[in-house]
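Undergrad: give me coordinates for this.
(one chain, ligands or ions: 1)
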Amino acid sequence: MMKHAWDNYRQYGWGHNELKPIARKGHSTNIFGNSQMGATIVDALDTLYIMGLHDEFREGQEWIDKNLDFSVNSEVSVFEVNIRFIGGLLAAYYLSGQEVFKIKAVQLAGKLLPAFNTPTGIPWAMVNLKSGVGRNWGWASAGSSILAEFGTLHMEFVHLSYLTGDPVYYNKVMHIRKLLQKMDRPNGLYPNYLNPRTGRWGQHHTSVGGLGDSFYEYLLKAWLMSDKMDMEARKMYDDAIEAIEKHLIRKSNGGLTFIGEWKNGHLERKMGHLTCFAGGMFALGADGSRDDKAGHYLQLGAEIAHTCHESYDRTTLKLGPEAFKFDGGVEAVAVRQNEKYYILRPEVIETYWYMWRFTHDPKYRQWGWEATQAIDKYCRVSGGFSGVKDVYSSSPTYDDVQQSFFLAETLKYLYLLFSNDDLLPLDNWVFNTEAHPLPVLHLANTTLSGNPAYR
Ligand code: DMJ
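TA: So this is what the prediction gives:
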């Protein structure tokens, strides 16, 4: 499947950000501005490497060396460029040892830094790579920046400081953390919106899915990545998860555990495909949890994995919808037409993989195999892989996009699910939110100024 996705991108979309597998031409979205930065190449590199597709890896490396240029007049998403490009380049560097990846990652990071020039130091969502001018998404509440965006920079930025010896990146993300620590949190929950001019929360909407998700993930992973020294991050994670469990996690009438969203003073009994990553996160955070609740969090991870599997199993195509409800007799099923699509997302498979690593219960491989077969049957087209618009329809129509995260994440997690545990062991590697593995840093003897946790 990786060969099919890559070869078609190579043939029809090379150098573009993504591929339209039916029209057989390049594709892009506003997260990459109007740039042609080969997002699929950068996102796919480490998957190619891990799978032993060395010729393809070398082709990608050559393109990056000769063509990847960040001096372009293009307004890009700081978050997306960080997780896909900086994360992808750093992982490729750590796996292969090729300097070009490190050099490009550092060049690109330099282009993102002007986004932090706001009155509070909370970065803008978007930055123009040439002019350095930043701004926020027009749709975000009250001119706010987004929690999952400014809160998903820590892993990559700490690695950049580690590799360059320049504390600037580290200081930027620690400043964000300090600011968040000082703020009041309604019910202990972090709202998704924060205004970078005033430093005040926007709308009180809290989500473990879109807009919130990877902020919580990076608190846990900051701790893991520091060889469990960064206790400040662990505490923030534990506090956040306790509030989430209290206010957002419920059991449906049919006995399915789900994570809802806090909106306008009440709990919305709806869960997104994106939220399904949290099963893996709870399992990953079980060891080291407060009050020795490891068994509890592993169980919670298993319950979320089960619920998300049900969201797949209750469809015609055996692929999960973008969002599903637990309301009025409906359980783990999408209700609105515009929530019935599947765009090759990884989160459910990601959770199967973490659960497999921690329990070795064969059901996770079985569920992963069901998803593999469904993707291969319903999303494969002759020019690559495409998302589908309705997982409840037996004759689905395609969205004609092969997302770069399909190669970075979905196929990587599937490959790992059927590999031995000594391929990227979790004691030594921490995966960024785009599934790019970064090594645990043993920083006891390294100076990263500012945080006693690192001394
Ligand atoms: C990916 O870019 C990352 O996993 C991100 O954290 C969430 N959305 C997509 C995949 O669905």
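Undergrad: okay, CA-based contacts and neighbour counts for the rest of this
TA: OK.
Undergrad: is residue 321 in contact with residue 313, as I believe?
TA: No: Residue 321 is beyond contact range of residue 313, at 10.5 Å (criterion: C-alpha atoms under 8 Å).
Undergrad: who's more crowded, those two?
TA: Using other C-alpha atoms under 10 Å, the more surrounded residue of residue 321 and residue 313 is residue 321, with 29 against 18.
Undergrad: show me what contacts the more buried one?
TA: 273, 311, 312, 333, 334, 339, 340, 341, 342, 390, 391 (C-alpha atoms under 8 Å, 6 or more residues apart in numbering).
Undergrad: list the contacts for the closest residue to residue 75 other than its chain neighbours?
TA: Using C-alpha to C-alpha, 6 or more residues apart in numbering and skipping residues adjacent in sequence, the residue nearest residue 75 is residue 128, 4.0 Å away. By C-alpha under 8 Å, 6+ apart, the contact list for residue 128 reads 73, 74, 75, 76, 134.
Undergrad: dump these to a markdown table, plus pLDDT.
TA: Putting the contacts of residue 128 into a markdown table (pLDDT from 0 to 100) gives the following:
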| residue | pLDDT |
| --- | --- |
| 73 | 96 |
| 74 | 96 |
| 75 | 97 |
| 76 | 97 |
| 134 | 98 |
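Undergrad: tell me the buried residues within the residues you listed.
TA: 74, 75, 76, 134 (16 or more other C-alpha atoms under 10 Å).
Undergrad: need phi/psi at the last one.
TA: Geometry field for residue 134 lists phi and psi as phi -120, psi 160, criterion degrees, to the nearest 10.
Undergrad: what sits closest to it if chain neighbours are left out?
TA: Leaving aside its sequence neighbours, residue 134 sits nearest to residue 127 (C-alpha to C-alpha, 6+ apart; 4.2 Å).
Undergrad: residue 78 contacts residue 132, doesn't it?
TA: No: between residue 78 and residue 132 there is no contact under C-alpha under 8 Å: 11.3 Å.
Undergrad: can you list residues touching both of those two?
TA: Joint contacts of residue 78 and residue 132 (C-alpha under 8 Å, 6+ apart) are 112, 115.
Undergrad: roughly how far apart are residue 79 and residue 147?
TA: Going from residue 79 to residue 147 by C-alpha to C-alpha, to the nearest Å gives 10 Å.
Undergrad: should've said residue 25
TA: Applying C-alpha to C-alpha to residue 25 and residue 147 gives a distance of 34 Å.
Undergrad: toward the C-terminus from whichever helix or strand residue 374 is part of, list the very next helix or strand.
TA: Secondary structure assignment for residue 374, by DSSP states H and E: helix 363-378. For helix 363-378, the succeeding helix or strand toward the C-terminus, using DSSP H and E, is strand 380-381.
Undergrad: just checking: what are the partner strands of the very next helix or strand once past that following strand?
TA: Using DSSP H and E, the helix or strand that follows strand 380-381 in sequence is strand 384-385. Here strand 384-385 is paired, per DSSP bridges, with strand 380-381 (antiparallel).
Undergrad: enumerate the residues of this protein near the ligand.
TA: Taking C-alpha under 6 Å from any ligand atom as the contact definition, the chain meets the ligand at 214, 345, 346, 405, 433, 434.
Undergrad: can I get those in CSV including secondary structure?
TA: As requested, the residues of the chain next to the ligand are exported to CSV (DSSP: H, G, I helix; E, B strand; the rest coil):
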residue, secondary structure
214, helix
345, coil
346, coil
405, helix
433, coil
434, coil
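Undergrad: top of those residues by neighbour count?
TA: Ranked by neighbour count (other C-alpha under 10 Å), those have residue 214 at the top, with 28 neighbours.
Undergrad: for that residue, which non-adjacent residue is closest in space?
TA: residue 148 (5.4 Å).
Undergrad: quick check: the gap between the residue nearest to residue 75 and residue 351.
TA: According to C-alpha to C-alpha, residue 128 and residue 351 sit 35 Å apart.
Undergrad: where does the stretch 251-400 of the chain get nearest to the ligand, which residue?
TA: Residue nearest to the ligand within the stretch 251-400 of the chain (C-alpha to the nearest ligand atom): residue 345, separated by 4.4 Å.
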